[in-house]
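Student: just coords:
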């Protein structure tokens, strides 16, 4: 698929359009996500927001608007990359699958220590721009340093992404620092579209009391709480009985606290016991689930962010997407980092998920890449669907298929089609 950035943007150098004009965008197909696909559909925009979506013939009659017929394309919402590590972008192509998660973590730590500090910022900036060009409007980015918020603050108007930066905490022995002080070290960038939350790395790498404190801080500030969960069998073994490669790694680094006792249960159950699962929690990966874990997630309303290509790269296995969907767990999609993936394309994640989970309905795959991610990042009132009130920045993907039964499959597998083209339609100020 060939991305074409800003093929249509009113008010650009080639077009002196009124910023508050009512516009009607027409397409062969419209995939609102919140409702079934529309053939011969249209999206009406005004003042940077979507004001209506429906059949073109009806909206033409309803509105006296500046009309733009985009022809043989599919309109769909901008995508949301619900889990990424932009600060690791300089490590692209430097790590190979290591045969186990713990071995890869060791290699990652070594690669970070050996990398030239001058590489980090330009690599992260390039990765963010590339992600935006390829259809992502919002990201849930996780980092241990303030690099990405600093980039967003450098030029807020030019920063291409909405979303949340999760300032990640790793502290197996606990930490006396107040979560508010941690946030003060990484303040929100100006502009309001990219906020900073706190994140716990995983239930095995952050002490229980600190896990609760981080979750409470995020909840009190209306922010989502993100945590890596059940990514590898090593994690499951360590939480259940305190053994295995993760214990060895933590002991080498002096991170096993005195009197440590394993949780004696699955990672999901450990979070449940601590009261950390609710609709504001984003559980990242969820690959190695034990019986009953899906029910705990579904009953709590917590979302699962799946990163299928990263999971395959690390050799931890595919996520049980069909089981999660059947249980009613809200799904989102993420790419993880360029240290465990070859690009940050959510289109490619959709195609991978569809191959790995053939029983997952096509609509559920697209929803995970759009509305599911927006919900997980508390952005559902701004993004995720083509519906009234959402930001007027969405995608046109073509050439559109002719049969209704092919539309969703076309969107999912567009990244593998050489003749497919994706471009932005932006009616934002």
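Tutor: Yep, it's here. In this text, all values refer to a predicted model and were calculated from it rather than measured experimentally.
Student: And for residue 118, the neighbour number?
Tutor: Residue 118 has 9 neighbouring residues, counting by other Cβ atoms under 10 Å. C-beta here means a position set from N, CA and C on the backbone, and glycine is covered the same way.
Student: next one: the one 5 residues further on
Tutor: Taking other Cβ under 10 Å as the criterion, the count of residues near residue 123 is 20.
Student: got it, and residue 150?
Tutor: Using other Cβ under 10 Å, residue 150 has 13 neighbouring residues.
Student: other SSEs contacting the helix or strand hosting residue 75?
Tutor: Of the helices and strands defined by DSSP states H and E, residue 75 is found in strand 74-77. Counting contacts by 3 or more Cβ pairs under 8 Å, 6 or more residues apart in numbering; DSSP states H and E, strand 74-77 is packed against strand 23-30, strand 393-398, helix 407-412.
Student: Which residues outside the second one are in contact with it?
Tutor: Spelled out, that is strand 393-398. 1, 7-8, 27-28, 43, 50, 70-79, 135, 137, 386, 410-411, 414, 420-428 (Cβ atoms under 8 Å, 6 or more residues apart in numbering).
Student: List only buried entries from these.
Tutor: 1, 8, 27-28, 43, 50, 70, 73-79, 135, 137, 386, 410-411, 414, 420-427 (16 or more other Cβ atoms under 10 Å).
Student: Domain-wise, how is the protein divided?
Tutor: Split into domains by automatic domain parsing, the chain comes to 2-77+385-426, 79-376.
Student: Pick the most deeply packed of those.
Tutor: A comparison of the domains of the chain by mean neighbour count, using mean count of other Cβ atoms under 10 Å, puts domain 79-376 on top with a mean of 20.
Student: Return the distance of residue 312 relative to residue 145.
Tutor: Distance, residue 312 to residue 145, by Cβ to Cβ, to the nearest Å: 27 Å.
Student: okay, the residue lying closest to residue 223 once chain neighbours are set aside: pLDDT?
Tutor: Once flanking residues are discounted, residue 223 sits nearest to residue 197: 3.9 Å by Cβ to Cβ, 6 or more residues apart in numbering. For residue 197, the pLDDT comes out at 97.
Student: quick one: contacts of the strand or helix carrying residue 197?
Tutor: Assessed by DSSP H and E, residue 197 sits inside strand 194-200. Applying Cβ under 8 Å, 6+ apart, the external contacts of strand 194-200 come out as 142, 149, 152, 156, 159, 161-169, 179, 182-183, 186-189, 206, 210-211, 214-215, 217-218, 221, 223-227.
Student: bridging residues for the residue nearest to residue 223?
Tutor: Counting by DSSP bridges, residue 197 is bridged to residue 166.
Student: Quick one: low-confidence residue ranges for the protein.
Tutor: Residues of the chain meeting the criterion pLDDT under 70: 1-19, 175-177, 429.
Student: let's see it at 90
Tutor: Scanning the chain for pLDDT under 90 picks out the ranges 1-21, 97-100, 157-158, 171-187, 191-192, 252-261, 402-405, 414-421, 426-429.
Student: out of all of them, which helix in it is the longest?
Tutor: helix 117-133 (DSSP state H).
Student: between the helix or strand just after that one and strand 393-398, how many degrees?
Tutor: The first helix or strand that comes after helix 117-133 along the chain, using DSSP H and E, is strand 136-143. Orientation check (axes from the mean of the first three to the mean of the last three Cα atoms, to 10 degrees): strand 136-143 against strand 393-398 gives 120 degrees.
Student: Can you name every helix or strand that the helix or strand following strand 136-143 contacts?
Tutor: Next helix or strand after strand 136-143 toward the C-terminus (DSSP H and E): helix 147-154. Contact here means 3+ Cβ pairs under 8 Å, 6+ apart; on that basis helix 147-154 packs against helix 117-133, strand 162-169, strand 194-200.
Student: For helix 147-154, what is the distance to the chain centroid?
Tutor: Centre-to-centre, helix 147-154 and its host chain are 18 Å apart (Cα atoms, centre = their mean, to the nearest Å).
Student: thinking again about what came up before, okay, the helices and strands packed on helix 147-154 in JSON lines with distance to residue 105 next?
Tutor: Below are these laid out as JSON lines (distance: least, Cβ to Cβ, whole Å):
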{"stretch": "helix 117-133", "distance to residue 105": "19"}
{"stretch": "strand 162-169", "distance to residue 105": "14"}
{"stretch": "strand 194-200", "distance to residue 105": "16"}
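Student: which stretch among the ones you listed comes nearest residue 239?
Tutor: Nearest of the helices and strands packed on helix 147-154 to residue 239, taken as Cβ to Cβ: strand 194-200 at 13.6 Å.
Student: Can you tell me what sits against stretch 153-163?
Tutor: With contact meaning Cβ under 8 Å, 6+ apart, stretch 153-163 is reached by 80, 128-129, 131-132, 136-141, 151-152, 189-191, 193-195, 377, 379, 382-383, 391.
Student: now swap in stretch 126-138 and tell me
Tutor: Stretch 126-138 has contacts (Cβ under 8 Å, 6+ apart) with 3, 5, 78-81, 84, 86, 89, 92, 139, 148, 151, 159-163, 338, 343-347, 373-374, 377, 379, 383, 391, 393, 395, 422, 424.
Student: The same query, at a cut-off of 7 Å, please.
Tutor: Outside stretch 126-138, the residues that touch it by Cβ atoms under 7 Å, 6 or more residues apart in numbering are 3, 5, 78-81, 86, 89, 139, 160-163, 338, 344-347, 373-374, 377, 379, 383, 393, 395, 422.
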